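[1] Please work out how this folds:
(2 chains)
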Amino acid sequence: MASKPTSMTIRAYDVGFGDCFLLSFDYASGTRHVLIDFGSTRNPSGKEGQGNYLERIAAQIKADCGGKLTAVVATHRHKDHISGFTNTGSKGPGAVIRALKPEIVLQPWTEDPDAARDAKKPTKGLRGARLRRNLMLRNLEDMNRFAGFAQQAASRLQGSHLARARAQLDFLGDDNDLANRDAVVNLMTMGKRKPRYLFAGAPSGLESLLPGVKVHVLGPPTLEQDPRIKTQTDQQADEFWHLRSGFWARRGALAKTKGALSAPLFPRLIAGGSAPWDARWFRYHAQIEQAEALLSIVRTLDDAMNNTSLVLLFEIGDTCLLFPGDAQWENWRYALGQAKYQKLLARVNVYKVGHHGSLNATPKTLWKGFANKGGAGSAHRLLSLLSTKDGVHGESEATAVPRSTLVKALKENSTLIDTRDAKPSELSRRQVITL
Amino acid sequence: MLRKLVPPVAVHPSRADIPTRRWTVLAQDPGVLGKGGTALTTTVEVPAERLERGPKGHRIHVLDYDGSADRFYRSRVAQPEKDRYTKVTDIERLVRDPHFHQQNVYALAMSTLFDFERALGRPVDWGFTEPSHQLKVAPHAFLDANAYYSRESESLNFGYFPDDAGKRVYTCLSHDIVVHETAHALLDGLRSMYLNPSSPDQAGFHEGFADIVALLSVFRHHEIIEFALGSVTDRAGRVPARYLTVEKLGSTALGMLAEEMGSALEGVRGTALRHSITIKPDRRHYESERYAEEHDRGELLVAVVLRTFLQIWVKRLTPLLQHAHSSLARNVAAEEGGTAAAQLLNIVIRALDYLPPVDMTYQDYLSALLTADQQLYPDDTKYHYREALKAEFEAFGIKPASRRTTDGSWEPPSTGVFTMAGLHFERLQRDPTAVFRFVWENRDALGIFPDAFTRVTSVRPVMRISRDGTILRETVAEYVQTLRVYSPELKSLGIRKPTGMRRSRMITLYGGGTLVFSDYGQLKFHVGTGVRSRRQSARLQSLWDNGYFEDASSTAARVARMHRHRALKPLKEPREEW
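    This next block holds a predicted model:
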């Protein structure tokens, strides 16, 4: 039995706006493959019309891994990370992945079905850590529901003054909607071994499957690991989560109410004809404001979902590969505050750029700490992987994904592998690494 | 043809010679009911103005536009001036009737404006970008559990949503929510810079102040106080003396209201009353980390003012109890509570005129409260309101900003240092350019940094009448200063650059002052903070720590977010963005 891989190949599949990576570790006894995420919300430019594009990618994954996966990692439940696992009636790209018989599936602790079932029970009488975990998991459910509602609401926004908000609401609503249910169930059941639901510091479950590879789990932190908890009394923390949960429960309930959007409040008093003269200016401005208000709630839940991302660091001898999903500051701050992780992070050779290159998923502290970044030609230069698509996410130059200033820094200080550079005939970009 | 273009003259059911009328509104919300489950209503005083469908008056325009459905709901056309709900006791009828919703928001918003104008002794303008007189109010603005004020759309917007049982909840039917949003609009009209990111105090003030005005507005209606005293009233309709203490009234009367008010509104925002009454006085609070976050800080201010309200109420009851000994009739106790709330409401509003236009602190507010009351009621010996205010603020660790006077009120500037060269009092009372001349000539005496851009933002002549008939005439003017510098330049101004801030960052420093002139044109007070003040270092650091150094979003977005964040309490720190 080989004790250590000698080389590896990383494939970044061109899924448009989404993530899909295959890590193939070459052992003397054969190659072992780990699939990290498989999802998309927008096919890549120039490949939009190519049938069920994700099925083509699935077939390619099957070919690339020789029909067998060692592990599947689903960093978080956003559609752009898991839609490829969809398995409707044993069809779809998820059926292909399922047939690759992964030994194990890794997900963040927030996806643990046992915890979720627990969260569905009444919280009366519960206190402390268990109560808070339950409330947080309920929040995630309510957020998914509300995302669906926001998408419906977006479809009702008419007029060019609302076009931008409508596009963003539609995009974020879709990404957060519960329509990913099939994928979630598929992920839960496709592994041969019991699935693992991980948190910062937990053993990954890959120890025996990938000899010679240490897999460190850097996030997401549990609620107890949240530094905020340390400054709160138990009662304050409970109250904090009760308030939050009340907020999302309200929105969840709204989304569950049938006809909430379509049934008129006062059918007998609906004014016919066009808007009154003295109300037109207000209507125009109120519509923009309300769309913005809705969008801002949806952004909050989108961030919360991103922050449930599993952050994995693969250490193989001197080589360190970092796959942080879409983790943002709230997730990152735990690992960045721990000395042992700081040391590991400084050694990173391969960085999967967080959240498709958005402005807030590559904390400056993390970036500054990478010891291997440097200009072209520098020894052991950092390799970065960016999977993204232009013009989908973000409303302005400052919030556009990917963020131009980040891409510039990546190009200057690392060897950037960007899925946007994939040729029309190319389904993935590859990099071989000698270990 | 011409006749058709001219709208028919509205019939005035009210008499033109009586300047105000009273309109029926809900005393709190549909969850707070009177005897036998009947609607608990009260009346508020509004100007007897000409009204059109809406109701639409000269300052408030109720526009029933539902943005979520993109629909307009019709309002009453016939006799819009008439209050048709004086005798309605069926709560369901009121909840079902959108015309009542329209009346409720009109009357509450209008009466709140009226309260501000009376307390300040002058008309109060809205804070819209373009000068405009009518605040739009949408009682069924959108499907969501929120309500907000918007400077951009010149409006108050009230949401509706299903409760846990699927029954619709209308935020426009909550007395405190309507007054809260109106108070945001009025405060924005008076202090437009207060919605800008600044110190934690200022961040907490908008929300805290709006809560205080809302709660005191509700409490001044004796119907509500009688309701609140229900659990401690005996069969003879009397409240035993042992319940009439600050602690007992806090836990019973306010405690009961906290339970009832807004129980259906969980998730709209944190319920101000419920949290605030649990904050017990402690001199460490103001400086403590526990109340450093802006929403907690807002609730801290509410807690202080509520305690003051209870103190004043008890002070008013004390002489009555000396005669009545062991108990008081509930209506008498309630009447005094209502009066205490109404008087305190006046003071908290009037104090706005004695606050700096930018970067306020709670310490400034205490000095402003003490000054406002002292100017109008020099004699405080009967109920000792100022003593109560000072003692309660100090009990939570908030000392007056003015340290030189023993009573904590603002100190008048020394006479004789100001020149009135080139000035005419008549113009100084209404003309910003004349006030700017005053500022220009006296910049050294005022301690103004000469290189900052300075402009006079308002000049308002004021006439206030006290309960004892004293007339106080003043002119209140405000100037604002701005100075834009790069972060490395801060040092030369004596300001500390927050650690981690990049060198290329441009920073806007704000300063400004409120000038109060006497009726002889003499400067009575200068309440201000300079662009170089010692507070700037702390302010910059706090903004940096909270992660929102710049905020380009609209006021509508800020107010809506302020409400949401009361429930969500997001993490605020620098996010290391690109």
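
[2] show me where pLDDT drops low in chain A?
    A:1-2, A:179-180, A:229-230 (pLDDT under 70).

[3] What strands flank the lengthiest strand in it, and is each parallel or antiparallel?
    In chain A, with assignment by DSSP state E, the single longest strand is strand A:30-42. Applying DSSP bridges, strand A:30-42 is found paired with strand A:17-27 (antiparallel), strand A:71-73 (parallel).

[4] mind exporting that strand as PDB, just the C-alpha atoms?
    Extracted in PDB, the C-alpha atoms of strand A:30-42 (Å, rounded to 0.1, in the frame of the first residue of the first chain):
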ATOM      1  CA  GLY A  30      -3.400   4.000  -8.500                       C
ATOM      2  CA  THR A  31      -5.100   7.300  -8.500                       C
ATOM      3  CA  ARG A  32      -7.600   8.500  -6.000                       C
ATOM      4  CA  HIS A  33     -10.100  11.300  -6.800                       C
ATOM      5  CA  VAL A  34     -11.800  13.800  -4.600                       C
ATOM      6  CA  LEU A  35     -14.600  15.900  -6.200                       C
ATOM      7  CA  ILE A  36     -15.000  19.300  -4.500                       C
ATOM      8  CA  ASP A  37     -18.400  20.900  -5.400                       C
ATOM      9  CA  PHE A  38     -20.300  20.500  -8.600                       C
ATOM     10  CA  GLY A  39     -22.800  23.300  -9.400                       C
ATOM     11  CA  SER A  40     -23.600  26.200 -11.500                       C
ATOM     12  CA  THR A  41     -26.200  28.900 -11.800                       C
ATOM     13  CA  ARG A  42     -25.100  30.200 -15.200                       C
END
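
[5] Going C-terminal from that strand, what's the next secondary structure element?
    helix A:53-64 (DSSP states H and E).

[6] ok, back up a step: now find how far off-centre the longest strand of chain A is within its chain.
    In this view, strand A:30-42 has its centroid 13 Å away from the chain centroid, taken as C-alpha atoms, centre = their mean, to the nearest Å.

[7] Quick check: B:His384 touching B:Thr318?
    No. Assessed by C-beta atoms under 8 Å, B:His384 is found out of contact with B:Thr318, at 10.7 Å. Yep, even glycine has a C-beta here, placed from its N, CA and C like the rest.

[8] on that earlier part again, quick one, the longest strand of chain A and helix A:53-64 angle?
    On the basis of axes from the mean of the first three to the mean of the last three C-alpha atoms, to 10 degrees, strand A:30-42 is oriented at 170 degrees to helix A:53-64.

[9] who's more crowded, B:His384 and B:Thr318?
    B:His384 (14 against 11; other C-beta atoms under 10 Å in any protein chain shown).

[10] Excluding chain neighbours, what is closest to the more buried one?
    Residue nearest to B:His384 in three dimensions, not counting chain neighbours: B:Lys315, with 6.5 Å by C-beta to C-beta, 6 or more residues apart in numbering or on different chains.

[11] Could you do A:Gly337 as well?
    A:Pro227 (6.8 Å).

[12] got a list of what the one you found touches?
    A:Arg333, A:Tyr334, A:Gly337 (C-beta atoms under 8 Å, 6 or more residues apart in numbering or on different chains).

[13] Likewise for B:Asp373?
    B:Ile347, B:Arg350, B:Asp380, B:Tyr385, B:Arg386, B:Leu389.

[14] Just give the number of residues close to the third one.
    This means B:Asp380. Residues near B:Asp380, counting by other C-beta under 10 Å: 16.

[15] Surely it and B:Ala388 touch.
    No. With contacts defined as C-beta under 8 Å, B:Asp380 does not count as touching B:Ala388, sitting 9.5 Å away.

[16] Residue 415: what's it in contact with?
    You didn't say which chain, so I picked chain A. A:Arg381, A:Leu382, A:Leu383, A:Ser384.

[17] wrong one, chain B
    If you count contacts by C-beta under 8 Å, 6+ apart, B:Thr415 has them with B:Gln522.

[18] Would you mind giving me the confidence score for it?
    On pLDDT, B:Thr415 comes in at 78.

[19] ok so it is a helix residue?
    No. Under DSSP: H, G, I helix; E, B strand; the rest coil, B:Thr415 sits outside any helix and is assigned coil.

[20] separation between it and chain A?
    In this view, B:Thr415 and chain A are 49 Å apart by C-beta to the nearest C-beta, to the nearest Å.

[21] and what of B:Asp97?
    9 Å.

[22] So for that residue, what's the pLDDT?
    pLDDT, B:Asp97: 97.

[23] From B:Asn104, how far off is it?
    Distance, B:Asp97 to B:Asn104, using C-beta to C-beta, to the nearest Å: 10 Å.

[24] So if I had to pick from the two, which one is more boxed in?
    B:Asn104 (28 against 18).

[25] Find me the pLDDT at the more buried one, would you?
    98.

[26] Shouldn't it be within a strand?
    No. In this structure, B:Asn104 is helix, not part of a strand, as judged by three-state DSSP.

[27] Give me the nearest residue to it, chain neighbours excluded.
    Nearest one to B:Asn104, counting by C-beta to C-beta, 6+ apart, is B:Val25 at 5.1 Å.

[28] what's the answer for A:Ser384, then?
    Closest to A:Ser384 by C-beta to C-beta, 6+ apart is A:Ser414, at 4.3 Å.

[29] How many residues are close by the one you found?
    For A:Ser414, using other C-beta under 10 Å, the count is 26.

[30] How much space separates it from B:Ala452?
    44 Å.

[31] next one: B:Gly31
    Taking C-beta to C-beta, one finds B:Gly31 at 51 Å from B:Ala452.

[32] can you tell me the helix or strand for B:Arg561?
    Take DSSP H and E as the rule and B:Arg561 turns out to sit in helix B:555-568.

[33] what's the spacing between that helix and its chain's center?
    For helix B:555-568, the distance to the chain centre is 17 Å (C-alpha atoms, centre = their mean).

[34] As CSV, could you dump the C-alpha coordinates of that helix?
    Extracted C-alpha coordinates of helix B:555-568, given in CSV (Å, rounded to 0.1, in the frame of the first residue of the first chain):
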residue,chain,number,x,y,z
THR,B,555,-31.6,56.9,4.1
ALA,B,556,-34.5,54.5,3.2
ALA,B,557,-32.0,51.7,3.1
ARG,B,558,-30.3,52.8,6.3
VAL,B,559,-33.5,53.2,8.3
ALA,B,560,-34.9,49.8,7.0
ARG,B,561,-31.5,48.2,7.9
MET,B,562,-31.4,49.9,11.3
HIS,B,563,-34.7,48.2,12.1
ARG,B,564,-33.7,44.8,10.7
HIS,B,565,-30.4,44.9,12.5
ARG,B,566,-32.2,45.3,15.8
ALA,B,567,-33.2,41.7,15.4
LEU,B,568,-30.2,40.4,13.5
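
[35] just checking, B:Phe227 touches B:Thr38?
    No. Between B:Phe227 and B:Thr38 there is no contact under C-beta under 8 Å: 11.7 Å.

[36] So for those two, which sits in the more crowded spot?
    Neighbour totals were compared for B:Phe227 and B:Thr38, and B:Phe227 leads with 22 against 12 (other C-beta under 10 Å).

[37] Quick check: can you list the domain ranges of chain B?
    Domain ranges of chain B: B:2-190, B:200-362, B:425-542, per automatic domain parsing.
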